[in-house]
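# Here you go, sequence then predicted model.
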Amino acid sequence: MTKNLIALEPKRFESYVAAIEAAGGALSELGPQVDALIWTDYSKPDLLEQTIRENPQLRWVQLPFAGVDAFANLLHLPVTFTSAKRSYSEPVAEHALMLAMALGRILPQRVKAMSWGQKHADSLYDEVVVIVGGGGIAQELVRLLVPFRSRVKVVRKRVDERFEDHGIAEVVPFEKLDEALATAKFVFLACALTDETRFLFSTARFSVMRSDSYLVNVARGEVVDQEALLEALNSGVLAGAATDVTYPEPLPDGHPMWGRDDLIITPHTADTKPIVERLFAQRLRVNVSAWIKGTPLTGVVDPELGY
């Protein structure tokens, strides 16, 4: 094998080509001498599986996004998968914070208001904040929350793994999720979608949350049972919610989640195509260089955990 030969499939972007070449790689068509593949289409897991099976020489596959749930059935194939986890943490955490602040100031109501209305404000300052998930988005959110003096609880699977708490965060094991939720004013979802987290937020889970709390989802749509969310909002179990992700996507016109004063929906725009291209190109420079040099890759996927 020639270590610097890198395949880029099924779509090519000039910024990715430039990143590969800047890292010392040489773009190549897939063939017997190419054992490294950058995959650029999240919507075609079947095509990726076919490509891997037709190219048994492949040893490393770089996936395009932080979440790898679309590729869950492929993760046990005999290659090393890396994801883009932590690549997009900054814009996604920024978006999540914006959504939380908009909920606390009832902006969905105010932007449509035609009269003075009642005064309302919920602040992040000195409030209890729970973040479900302990990856890059969670770490960036903790950093952003430092000026607010928020009392942050990060709920994650691996409590013994190092987490940058910036002096304000407590790491809580997944088994104590309900206990943490019962204390939180703001809850952020920033976890991977796995069998364990699918519909994690259900009617039962909403029932343990504070009635004055807000939910912000920048993870995956299916982490939340949308029917249960609507029931919780209708019954006053939650004060409000915001989500950048839904199921299906796009959310159909006329869906009952649209048009509510207590629910903000953004169309999966926490990171846009230009942002993704810029940040993924940075990850490619890091990982192509590491691959060529034989040093550890960034963002290696654990097939057992699914992220």
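Yes, it's here. Numbering: from 1, shown residues only.

# For residue 128, give the beta-bridge partners.
Applying DSSP bridges to residue 128 gives these bridge partners: residue 151.

# check contacts around the closest residue in space to residue 214 that isn't next to it in sequence.
Nearest residue to residue 214, sequence neighbours excluded (C-beta to C-beta, 6 or more residues apart in numbering): residue 103, at 4.5 Å. For glycine as for every other residue, the C-beta is placed from the backbone atoms N, C-alpha and C. Counting by C-beta atoms under 8 Å, 6 or more residues apart in numbering, residue 103 makes contact with 122, 214, 216, 239, 240, 241, 242, 264.

# One more: residue 150?
Here residue 150 is in contact with 124, 125, 126, 127, 128, 129, 168, 186 (C-beta under 8 Å, 6+ apart).

# Now for the first one: which residues touch it?
Put plainly, it is residue 124. 100, 101, 104, 145, 148, 150, 185, 186.

# what does the third one give?
Neighbour list for residue 126: 148, 149, 150, 151 [criterion: C-beta under 8 Å, 6+ apart].

# and it, that one's in a helix?
No - with DSSP: H, G, I helix; E, B strand; the rest coil as the criterion, residue 126 is coil rather than part of a helix.

# That one and residue 155: what is the separation?
20 Å (C-beta to C-beta, to the nearest Å).

# picking up where we left off before, lowest-confidence entry in the contacts of residue 150?
Lowest pLDDT within the contacts of residue 150 is found at residue 168 (91).

# hmm, back to that, most neighbours among the contacts of residue 126, which one?
Using other C-beta atoms under 10 Å as the neighbour test, these are led by residue 150, with 23 neighbours.

# For that residue, what are phi and psi?
Per-residue torsions, residue 150: phi -60, psi 150 (degrees, to the nearest 10).

# for the one 4 residues further on, same thing?
Note on residue 154: backbone dihedrals following degrees, to the nearest 10 are phi -100, psi 120.

# same deal with residue 284?
phi -60, psi -40.
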